[in-house]
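this one's structure only:
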DNA sequence: CAATAATAGTCCC
DNA sequence: GGGACTATTATTG
């Protein structure tokens, strides 16, 4: 677990419920504007996919590129969180 | 729209 | 250390 990965995980944890962020945004937020690939690499080897909500991280244009537990699962999770957010609104 | 180059970090040898 | 890998992105035809 490198410092870079830690920064990525922390940043991902700060994403509000139902919100999504792009890999580029994450990379920029941790001070590595051109490391979106490394971000993806870190999330890929994510030890705890449910506690570090990598399903809130999407590609550009809010497209889902990949997910350790399957894109279908990711899509459902995002949908679910959006629903929860609307419910709490 | 499809193919490709660029780029930054980590992993495996 | 060098080369390959990646859940990307931007560019070119």
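On my side now, so go ahead. Quick caveat, the model's predicted, so the values are computed rather than measured. Numbering: from 1, shown residues only, chains lettered A, B, ... in the order given.

Which residue comes closest to residue A:40 once chain neighbours are left out?
Sequence neighbours aside, residue A:23 is the residue nearest to residue A:40 in space, at 5.7 Å (criterion: CB to CB, 6 or more residues apart in numbering). All C-beta atoms are positioned from the backbone trio N, CA, C, and that covers glycine.

Please name the residues that touch the one you found.
A:36, A:37, A:39, A:40, A:57, A:58, A:59, A:60 (CB atoms under 8 Å, 6 or more residues apart in numbering).

biggest separation within these, which pair?
Across the contacts of residue A:23, the longest distance by CB to CB is 14.9 Å; it joins A:37 and A:58.

The helix or strand residue A:80 falls within vs DNA strand C: in contact?
Using DSSP states H and E, residue A:80 sits in helix A:71-88. No. Helix A:71-88 does not reach DNA strand C (CB under 7 Å from any atom of the strand); its nearest approach is 7.6 Å.

How about that helix, which residues are buried there?
A:74, A:77, A:78, A:81 (16 or more other CB atoms under 10 Å).

Mind listing residues that contact it?
A:17, A:18, A:20, A:53, A:55, A:56, A:58, A:64, A:67.
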